[in-house]
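Colleague: got a sequence here, can you model it:
(chains A and B)
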Amino acid sequence: MSMPFYVAPEQVMKDRADYARKGIARGRALVAVRYEDGIALVAENPSETLRKISEIYDRIAFAGVGKYNEFDQLRVAGVRAADLKGYQYSRDDVDARSLANQYAQIVGQIFTHEMKPMEVEILVAEIGVEPAQDQMFHVLYDGTVFDQRDHAALGGDADAINTRLNETFREGFTLEQAAKVAVAALSGPDRVIAHSDLEMAVLSRGATRRCFRRIPESQVTSMLTG
Amino acid sequence: MPLFTAQEDPGANFPELLRRMDLLPAVGAGSVDLQVPHATTCVALTFSDGVVMAGDRRATSGHLISHRSMEKVVEADRFSGVAIAGAAGPAMEMIKLFQLQLEHYEKVEGAGLSLEGKANQLSMMVRSNLPAAMQGMIVVPLFAGFDQRRGLGRLWAYDVTGGRYEEHEYVATGSGSLHASTVIKVAYRPDMGRAEAVALAARSLWEAADADSATGGPDTLRRIYPVVATITSAGWQRLDDTEVAQIYTEIAGANQR
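Modeller: This next block holds a predicted model:
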């Protein structure tokens, strides 16, 4: 009987993390920026039908980057968890924090126990009744969770995007201002992203129960050029 | 968080998801005559821009009025509404599950069901209630909505077995349905405008309440009025209580001797 080679756990984890990071860095990035009446989510996504941003519940949105089938599986699991909780208890009991924790458990479990880690980064954003209650949770491929208040960047080049957002973010943005800042941070100084390659949605503090709304391309164009 | 393998995935079906999670209540066998609150007359009719739905607010347990302000006509989603007659408990649960299923489907699939798909979905829910219906917990809904693909208002009636019947003009359900549908039948015209259609729906409930003890009329003392709503290309719009009150004031004035 042959003995398996000993590989140090540090090495195993590092290899998996590198693998996941590489997979995520291949895809395009996504940002979320808080504005006066909600949270704007903007992704660079050439596809019109395969979405990176979607609705989870009345005040909660989901965004994912990396491998599409993996984050889409997480998205559906989130919709199910939220709808089940709202059905069993009350719509008021569904919150982003508990969803983010569940996501972190799943992703973290897969990172340590499975052969292949998930090549995804996800964001769970929730708007409160008041701006002070807005929350964003950023879950990494290994199950690490960050809570972020004003803005978040996911995917390849996230560090550079975050630096740009740190410089440009201001409290009390209008939606147009937030959209401009988000797109400028995504593209960087020496690149222009075609409007048809932008996927944009908002969680907007309005009168309706379901706060999630997609922004069609025509409106994105008028927002960015106006 | 519920995760499934590709083979076991329940898809966008919320009731099936509840079944997987053991959250659907089991229905016992045997027959008992339970005295549970019952909800009554609801009507729906098409007009030039879409459909009108209306329902009274009374729930009864035998001869007792158990609830005065029950809402039996509710928004199912932005472009459809559901009205329910029958045992109040299971009826309200069915409405809740139906609303959730439409929203769940839309979120999981990324696009809403077609109007016919929604009508079919409700039919399956009524059918799954059949064992309970055999014990007296009968639930008979009406479903109406604006079909965005065809650009017209459509409505459906159901029976206890889940049978689904599309009607083109008007439909009524509940203990006062005979009186209500007769009132609509005499005055119905397919090219009615909103005001006329809304007034006719309100009128039909007035006559049903006049002849059927289990149907409530406008309660001016407590300011409780029947729910009247229109569904058009602009979506579901429930009429303001003041507007409904005004219609009933006119009806009452015309009936004074």
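Colleague: how about the secondary structure of residue A:200?
Modeller: strand (DSSP: H, G, I helix; E, B strand; the rest coil).
Colleague: contact partners for it?
Modeller: A:40-43, A:53, A:179, A:214-215, A:220 (C-beta atoms under 8 Å, 6 or more residues apart in numbering or on different chains). The way it works is simple: take the backbone N, C-alpha and C, and place the C-beta from them, glycine included.
Colleague: let's see it at 6 Å
Modeller: Contacts for residue A:200 were tallied using C-beta atoms under 6 Å, 6 or more residues apart in numbering or on different chains; they are A:42, A:215, A:220.
Colleague: quick check: the second one vs chain B, distance?
Modeller: In this structure, residue A:215 and chain B are separated by 16 Å, where distance is defined by C-beta to the nearest C-beta, to the nearest Å.
Colleague: skipping adjacent residues, who's closest to that residue in space?
Modeller: Once flanking residues are discounted, residue A:215 sits nearest to residue A:200: 4.3 Å by C-beta to C-beta, 6 or more residues apart in numbering or on different chains.
Colleague: which residues of chain B lie near chain A?
Modeller: B:1-3, B:17, B:100, B:104, B:107-108 (C-beta under 6 Å from any C-beta of the partner chain).
Colleague: dump these into CSV; add neighbour count and secondary structure as well.
Modeller: Listed next are the residues of chain B next to chain A as CSV, based on neighbours: other C-beta atoms under 10 Å in any protein chain shown; DSSP: H, G, I helix; E, B strand; the rest coil:
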residue, neighbour count, secondary structure
B:1, 16, coil
B:2, 17, coil
B:3, 13, coil
B:17, 24, helix
B:100, 17, helix
B:104, 23, helix
B:107, 25, helix
B:108, 20, helix
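Colleague: for residue B:65, list the residues it contacts.
Modeller: With C-beta under 6 Å, 6+ apart, residue B:65 has no contacts at all.
Colleague: pick out the most distant pair among the residues of chain B next to chain A.
Modeller: Spatial extent of those (C-beta to C-beta) is set by the pair B:3 and B:100 at 20.1 Å.
Colleague: for the stretch 101-250 of chain B, what spans make up the strands?
Modeller: For the stretch 101-250 of chain B, the strands defined by DSSP state E, counting those that start in this stretch occupy B:139-147, B:152-158, B:164-167, B:170-173, B:227-232, B:235-238.
Colleague: tell me which of those sits most buried.
Modeller: Ranked by mean neighbour count, those are led by strand B:170-173 with a mean of 27 (mean count of other C-beta atoms under 10 Å in any protein chain shown).
Colleague: against which helices or strands is it packed?
Modeller: strand B:42-47, strand B:139-147, helix B:177-187 (3 or more C-beta pairs under 6 Å, 6 or more residues apart in numbering or on different chains; DSSP states H and E).
Colleague: I'd like these as CSV, with mean pLDDT appended.
Modeller: Formatted as CSV, the helices and strands packed on strand B:170-173 follow (pLDDT from 0 to 100):
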stretch, mean pLDDT
strand B:42-47, 96
strand B:139-147, 94
helix B:177-187, 95
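Colleague: distance to residue B:112 added to those, as a markdown table?
Modeller: Formatted as a markdown table, those follow (distance: least, C-beta to C-beta, whole Å):
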| stretch | distance to residue B:112 |
| --- | --- |
| strand B:42-47 | 20 |
| strand B:139-147 | 11 |
| helix B:177-187 | 29 |
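Colleague: quick check: residue A:119 vs residue B:7, distance?
Modeller: 23 Å (C-beta to C-beta, to the nearest Å).
Colleague: neighbour count winner among the two?
Modeller: residue A:119 (20 against 5; other C-beta atoms under 10 Å in any protein chain shown).
Colleague: got the buried residues for stretch B:211-227?
Modeller: Using 16 or more other C-beta atoms under 10 Å in any protein chain shown as the test for burial, stretch B:211-227 gives B:212, B:214-219, B:224-227.
Colleague: same question for stretch B:42-58.
Modeller: So for stretch B:42-58, counting by 16+ other C-beta under 10 Å, buried means B:42-47, B:49-58.
Colleague: mind checking the end-to-end distance for that stretch?
Modeller: End-to-end distance for stretch B:42-58, by C-alpha to C-alpha, to the nearest Å: 11 Å.
Colleague: run through who's touching it.
Modeller: Contacts for stretch B:42-58 (C-beta under 6 Å, 6+ apart): B:41, B:69-70, B:72-73, B:81, B:83, B:85, B:142, B:144, B:146, B:153, B:155, B:170-174, B:180, B:184, B:191-193, B:197-198, B:201, B:204-205, B:215-216, B:224, B:226-232.
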